[in-house]
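**Student:** Any chance you could fold what I've pasted below:
(one chain, ligands or ions: 1)
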Amino acid sequence: MKQHIIYAHKAFIDGKFDENVTIRIIGDKIASVTKERVPGFGSYISIGPGYALLPAFVDTHTHMIGRGLHLVRPKLDKARTLKDALEVVEQAVKNYDLSEVVIIEGYDESFWPEGRAPTRQELDQVAPARPVVLRRICGHIGVANSKALSMIPIETPGVDRRGGLLVETVPLNISDYFPPTDKELQAALSAAQKEFWSLGIGTVSEFGKWEFMRVYQEALRKRQLKIRVYFSYYLELFDAIKRLGLQSGFGDSYLRIGGIKLFADGSVGARTAAFFDPYNDDPENFGKLFFDAKRIADIIRLAEEAGLQVIIHAIGDRAIEAAIDGISHGTDGNKNMLHHRIEHFEFPTKGQIERAASLNIRISIQPNFAVRWGVPNGMYEKRLGKERMYRNNPIKSLIDSGVKFAFGSDAMPPSPALGIKAAMMHPIPRERIDMETGIRLYTEAAQDLMFMPGIGKIQRGYFADFIIVKLIDLSVQALAIGGDFVYMVPEYRNLFRV
Ligand SMILES: [Zn+2]
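**Tutor:** Okay, the predicted model is just below:
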């Protein structure tokens, strides 16, 4: 069996840095963590000053295959003119079979001298044979050629059949209208896995439908899945999963069934996150509550019978209230044994934070959102006003309340180091945390959110999933999953004497 012995000048043990630690790895597990040097066989790795050994990061809310699709699809972000863009389209379609739909991401016509997107007719000229859809950088708008238009059902809203313009429905739900092929999904998984490795991610909480699960299983069978996946299904499959008797935590150490995901509201950007008070820039609008407390409680009760965790997307305070009430009524005082979760939890009131803590509700929060939209004069302030903006992503308040929560990226972008730095430099100073707390929230704290034993800690009996980082910026130098190095910067061997 393979063995490594690691001498770390600095290592992250039990939620904080410790010095001069020896870690012995046998097979895919950590066999011991001690302060003395231990003799043994196998490779010796020495991690010197300036570097540290950390558990591999756990991203408790991401979209790995979704991110992968973005990585593998052709992009228009470098096109400087409409003419450029059409050339990119003409070249890109040549790599696809005639039966495949070509989705091209990321155009931004506001930078083009023509000042407009291509039309259906212009796309037909450069790509007559295959269905082609361009998606604008925002994801809310797109253009289709004639072939692609003919594949969109006739009653679909937001489709201009004449010019090919697509607004909201189709571009936002592009995979429902143009489902990716298995080949595309496999390429996406492999591209995302590579990117996630380079960011030090060892485990993800992923969401999707049956097609994604199939691709994960295929990768597992081929021994290509070297990232641990906790896979939660969207609500539409609840009944099927329940009838099959699948429960949260079923699977093996690389692929387990997670929970059932539902959306209680939308997003602040689209003004669909549900609030008690109206939007500042749209005074009639309180957002959209897709599920009220009663319906959430009904779902929780069914999930409790089935042994399934429920994962509720809730951003605005009105949606958060519905989620908390729903979990409270649905679990009926059982202390939330199934770890029902609220995702994002971006604008809770003080009272809601306290209730979530007392009901033992688990929370996945995205620290990167705070620096992306939660800065003064940023998108949150425009939509919600100053006062509410100051309530965004209250990380330190969550710590103080004792609620069990962890970090996730939502793949926007998928970088734990960036998220930890965002939490350390939170735009609202009273919500800032230190680096050790940030690392804990991106590693061991994840255990409270998923049924995935043996991850997130450098501790005897845990999986040997670890990273070596540069302390100054947390940049990842190497990642091992189950004791095997899957990623390493080129200079690694000189730095660490493997
Ligand atoms: Zn998400």
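**Student:** tell me the domain boundaries of this structure?
**Tutor:** The chain breaks down into these domains under automatic domain parsing: 3-55+458-496, 65-177, 199-448.
**Student:** Surely residue 446 touches residue 203?
**Tutor:** Yes. Under the criterion of CB atoms under 8 Å, residue 446 makes contact with residue 203 at 7.1 Å. C-beta here means a position set from N, CA and C on the backbone, and glycine is covered the same way.
**Student:** overlap in contacts of those two?
**Tutor:** Common contacts of residue 446 and residue 203 (CB atoms under 8 Å, 6 or more residues apart in numbering): 58, 452, 455, 456.
**Student:** which helix in the protein runs the most residues?
**Tutor:** Ordering each helix of the chain by length in residues (DSSP state H) puts helix 182-198 first.
**Student:** so how far is that helix from its chain's centroid?
**Tutor:** 14 Å (CA atoms, centre = their mean, to the nearest Å).
**Student:** Likewise for stretch 451-470?
**Tutor:** With CA atoms, centre = their mean, you get 19 Å for stretch 451-470.
**Student:** Return the set of buried residues in it.
**Tutor:** Neighbour-count burial for stretch 451-470, with 16 or more other CB atoms under 10 Å as criterion, is recorded at 451-452, 454-458, 462-469.
**Student:** Now the terminal residues of it, how far apart.
**Tutor:** End-to-end distance for stretch 451-470, by CA to CA, to the nearest Å: 30 Å.
**Student:** so who does residue 236 touch?
**Tutor:** Residue 236 sits next to residue 209 when contact means CB under 8 Å, 6+ apart.
**Student:** re the thing from before, and which of the buried residues of stretch 451-470 is nearest residue 483?
**Tutor:** Lowest distance from residue 483 to the buried residues of stretch 451-470 (CB to CB) belongs to residue 464, with 4.0 Å.
**Student:** For the residue nearest to that closest one when sequence neighbours are not counted, give me the pLDDT.
**Tutor:** Among residues not flanking residue 464 along the chain, residue 483 sits closest, at 4.0 Å (CB to CB, 6 or more residues apart in numbering). Looking at residue 483, its pLDDT is 94.
**Student:** My guess is residue 483 contacts residue 5. True?
**Tutor:** No. The criterion here is CB under 8 Å, and residue 483 misses it with residue 5 at 11.6 Å.
**Student:** Common neighbours of those two, please.
**Tutor:** Shared contacts of residue 483 and residue 5, counting by CB under 8 Å, 6+ apart, come down to residue 25.
**Student:** about what we covered before: nearest to residue 375, of the shared contacts of residue 446 and residue 203?
**Tutor:** Closest approach to residue 375 among the shared contacts of residue 446 and residue 203 (CB to CB): residue 58, at 26.7 Å.
**Student:** Pretty sure the closest one sits in a strand.
**Tutor:** Yes. Assigned with DSSP: H, G, I helix; E, B strand; the rest coil, residue 58 falls within a strand.
**Student:** And it, how close does it get to residue 237?
**Tutor:** Distance, residue 58 to residue 237, by CB to CB, to the nearest Å: 24 Å.
**Student:** Same question for residue 447.
**Tutor:** 25 Å.
**Student:** Alpha carbons of the longest helix of the chain, in CSV - could you do that?
**Tutor:** The C-alpha trace of helix 182-198 is given here as CSV (Å, rounded to 0.1, in the frame of the first residue of the first chain):
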residue,chain,number,x,y,z
ASP,A,182,-23.5,13.1,-23.2
LYS,A,183,-20.3,13.8,-25.1
GLU,A,184,-20.6,17.5,-24.2
LEU,A,185,-21.4,16.7,-20.5
GLN,A,186,-18.4,14.3,-20.3
ALA,A,187,-16.1,17.0,-21.7
ALA,A,188,-17.6,19.5,-19.3
LEU,A,189,-17.0,17.3,-16.3
SER,A,190,-13.4,16.6,-17.2
ALA,A,191,-12.7,20.4,-17.9
ALA,A,192,-14.3,21.4,-14.6
GLN,A,193,-12.6,18.7,-12.6
LYS,A,194,-9.2,20.0,-13.8
GLU,A,195,-10.1,23.6,-13.0
PHE,A,196,-11.4,22.6,-9.5
TRP,A,197,-8.3,20.7,-8.8
SER,A,198,-6.1,23.7,-9.5
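**Student:** the more surrounded of residue 447 and residue 237?
**Tutor:** Neighbour totals were compared for residue 447 and residue 237, and residue 447 leads with 20 against 17 (other CB atoms under 10 Å).
**Student:** Spit out the contact partners of residue 108.
**Tutor:** By CB under 8 Å, 6+ apart, the contact list for residue 108 reads 76, 77, 136, 137.
**Student:** cutoff 6 Å now
**Tutor:** By CB atoms under 6 Å, 6 or more residues apart in numbering, the residues touching residue 108 are residue 137.
**Student:** Over to the one 10 residues further on?
**Tutor:** Going by CB under 6 Å, 6+ apart, residue 118 touches residue 143.
**Student:** and what of residue 329?
**Tutor:** residue 297.
**Student:** Mind doing that once more with 7 Å?
**Tutor:** 293, 297 (CB atoms under 7 Å, 6 or more residues apart in numbering).
**Student:** What's the separation between the spatially most central residue of the chain and residue 440?
**Tutor:** Central residue of the chain (CA atoms, centre = their mean): residue 62, 1.3 Å from the mean position. Separation of residue 62 from residue 440 (CB to CB): 18 Å.
**Student:** re the thing from before, outside of whichever helix or strand comes after the longest helix of the chain itself, list whatever touches it.
**Tutor:** As assigned by DSSP states H and E, the chain's next helix or strand after helix 182-198 is strand 201-208. Identification of contacts with strand 201-208 by CB under 7 Å, 6+ apart yields 56-65, 196, 227-232, 234, 258, 261, 408, 416, 449-450, 452, 455, 465, 479, 481.
**Student:** Inside helices: which ones of those?
**Tutor:** Per DSSP H, the contacts of strand 201-208 map to helices at 64, 65, 196, 416.
**Student:** is it possible to export the residues you listed to a markdown table including neighbour count and distance to residue 266?
**Tutor:** As requested, the ones in helices among the contacts of strand 201-208 are exported to a markdown table (neighbours: other CB atoms under 10 Å; distance: CB to CB, whole Å):
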| residue | neighbour count | distance to residue 266 |
| --- | --- | --- |
| 64 | 28 | 22 |
| 65 | 27 | 22 |
| 196 | 28 | 27 |
| 416 | 29 | 26 |
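**Student:** Return the most buried member of the domains of the chain.
**Tutor:** domain 199-448 (a mean of 20; mean count of other CB atoms under 10 Å).
**Student:** quick one: terminal-to-terminal distance for that domain?
**Tutor:** First residue to last in domain 199-448 (CA to CA) measures 22 Å.
**Student:** Can you tell me which of the buried residues of stretch 451-470 comes closest to residue 100?
**Tutor:** For the buried residues of stretch 451-470, the closest approach to residue 100 (CB to CB) belongs to residue 452, at 35.3 Å.
**Student:** What confidence value was assigned to the closest one?
**Tutor:** 97.
**Student:** Now do the contacts for it.
**Tutor:** Contacts here follow CB under 7 Å, 6+ apart; on that basis residue 452 touches 203, 228, 230, 256.
**Student:** Next step: the shared contacts of residue 446 and residue 203 restricted to strands.
**Tutor:** Those of those mapping onto strands are residue 58, per DSSP state E.
**Student:** May I have the distance across stretch 280-287, first residue to last?
**Tutor:** 11 Å.
**Student:** Would you check that residue 383 makes contact with residue 278?
**Tutor:** No. Counting by CB atoms under 7 Å, residue 383 stays clear of residue 278, with 10.4 Å between them.
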